[in-house]
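**Q** Okay, predicted coordinates and the sequence, questions at the end:
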Amino acid sequence: MPTPSPMLVCPRCRRADAGGLHVGTLDPGGEGLRCQACGAEYPLVDGIPVVARDCAPLLAADTPAGAALADIYARSTAGPLQDWLRGVVPVGALELGGGVGVRPGTVVLDQGLPMLRLARGAGAGACVCADLLDPPFLPGAFDVVVLANVLDLLIDPLLAFQQAFALAGPGGRLVVTCPYAFTGDGPPRFTPADLGGGFGAVQAGALTLVEAHELEWPLRTTARLTQVHRTDAFVFEKRVG
Ligand SMILES: C[S@@+](CC[C@H](N)C(=O)[O-])C[C@H]1O[C@@H](n2cnc3c(N)ncnc32)[C@H](O)[C@@H]1O
Ligand SMILES: [Zn+2]
């Protein structure tokens with residue numbers, strides 16, 4: 001059975017106040033999707049919705065270099081981390097920064113259209129081009145949310161973790177893996193201990209740590225070169241109530 005596409009909400013008019021969260025949902029309209037609340041329009045590129053406050057950078061990044069990067073992930077499906085992910089990530093899970101997806105049948109959110117074309121070809125349940133720091137979904141919409149090998153690329157890994165937490169429903173799970181291959185300037189923005197503690201959420205009782213492993217992640221950077229990262233891999237469960 002195909003995975004149902006999740007409801008998309010408008011990042012431009014979403015707001016929270018004393019009356020709760022106010023969201024506009026996206027329906028087909030114009031050339032792509034239109035917000036039923038504010039009328040904002042979002043494009044479809046090869047059938048993939050691009051849903052961000054500013055879609056221009058996501059559209060501009062749809063380049064041959066992006067496609068070459070996507071090919072690396074598409075040919076790197078074999079390895080201990082990949083096997084483990086296929087076991088703990090079910091159909092219908094949301095993958096944030098999902099690349100080409102860790103298995104068929106998930107909802108893949110990524111900023112890269114080339115990644116998403118390959119994810120769709122590999123059997124993703126739904127693909128959305130968006131910023132994972134501002135994801136266009138309702139809170140609690142997913143049973144499992146995945147952050148695989150993306151937190152260490154981000155300026156604000158804590159915000160990304162908080163978004164993943166918000167998107168998981170009560171009793172839902174977070175699957176988080178990290179090679180700590182930080183890019184960019186400056187010192188690392190978090191440690192393995194920060195991550196294993198769910199950035200404080202385990203100590204606060206909001207998450208329970210269910211599994212923790214150290215797993216190798218081979219990445220076939222070229223046809224002749226494989227880089228093996230050592231990753232930490234965690235499963236957390238969100239407290240009910
Ligand atoms: C190292 S790859 C990992 C891909 C996949 N999760 C895996 O483990 O094979 C990181 C992915 O995160 C995506 N990404 C990075 N920052 C992002 C952001 N702010 N919003 C959405 N996707 C992002 C990249 O485009 C890339 O596909
Ligand atoms: Zn709107």
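**A** Thanks, I have the structure now. Ligands and ions are numbered 1, 2, ... in the order given.

**Q** Run through the bridge partners of Pro218.
**A** For Pro218, the beta-bridge partners are Val228 (DSSP bridges).

**Q** Was I right to think it contacts Arg230?
**A** No: taking C-beta atoms under 8 Å as the definition, Pro218 is not a contact partner of Arg230, at 10.7 Å. For every residue, glycine as well, the C-beta is placed using N, CA and C.

**Q** Contact residues of this protein facing ligand 2?
**A** 10, 12-13, 24, 35, 37-38, 40 (C-beta under 5 Å from the ion).

**Q** Buried ones among those?
**A** With burial judged by 16 or more other C-beta atoms under 10 Å, the buried subset of those is 10, 12, 24, 35, 37, 40.

**Q** Surely the fourth one and Cys13 touch.
**A** Same thing as Cys35. Yes: assessed by C-beta under 8 Å, Cys35 is found in contact with Cys13 at 6.3 Å.

**Q** quick one: common contacting residues for the two?
**A** Gly24 (C-beta atoms under 8 Å, 6 or more residues apart in numbering).

**Q** picking that back up, who has more neighbours out of Pro218 and Arg230?
**A** Applying other C-beta atoms under 10 Å to Pro218 and Arg230 shows that Pro218 carries more neighbours, namely 16 against 13.

**Q** where does that one land on pLDDT?
**A** pLDDT, Pro218: 98.

**Q** just the one 4 residues further on next, same as before
**A** The pLDDT attached to Thr222 in the predicted structure is 94.

**Q** And it, its phi and psi?
**A** In terms of degrees, to the nearest 10, the main-chain angles of Thr222 are phi -130, psi 180.

**Q** who's in contact with it?
**A** So Thr222 contacts nothing (C-beta under 8 Å, 6+ apart).

**Q** Run through the residues that contact Glu95.
**A** Per C-beta under 8 Å, 6+ apart, neighbours of Glu95: 89, 101-102, 106-110, 146, 148.

**Q** SS state for Asp152?
**A** Under DSSP: H, G, I helix; E, B strand; the rest coil, Asp152 falls in the helix class.

**Q** That one reaches Thr191, doesn't it?
**A** No: counting by C-beta under 8 Å, no contact exists between Asp152 and Thr191, whose distance comes to 11.0 Å.

**Q** where in this structure is pLDDT low?
**A** 1-4 (pLDDT under 70).

**Q** what does this structure have sitting close to ligand 1?
**A** 73, 97-99, 110-112, 115, 131-133, 148-150, 153-154 (C-beta under 6 Å from any ligand atom).

**Q** Apply 5 Å and report the result again.
**A** 73, 97, 99, 110-112, 115, 131-132, 148-150 (C-beta under 5 Å from any ligand atom).

**Q** For the residue positioned nearest the centre of the chain, which non-adjacent residue is closest in space?
**A** The structure's the chain has its C-alpha centroid closest to Leu96; by C-alpha atoms, centre = their mean the separation is 0.3 Å. Computed as C-beta to C-beta, 6 or more residues apart in numbering, the closest residue to Leu96 that is not its neighbour in sequence is Leu132, at 4.2 Å.

**Q** Can you verify my assumption that the one you found contacts Leu109?
**A** Yes: contact between Leu132 and Leu109 holds when scored by C-beta under 8 Å: they sit 5.9 Å apart.

**Q** So for the two, which residues contact both of them?
**A** 96-97.

**Q** residues contacting the residue nearest to the centre of the chain?
**A** 109, 132, 135, 145-147, 150, 160, 163-164, 167.

**Q** so of those residues, which ones are in helices?
**A** Using DSSP state H, the subset of the contacts of Leu96 located in helices is 160, 163-164, 167.

**Q** which one of these is nearest ligand 1?
**A** Ala160 (7.4 Å; C-beta to the nearest ligand atom).
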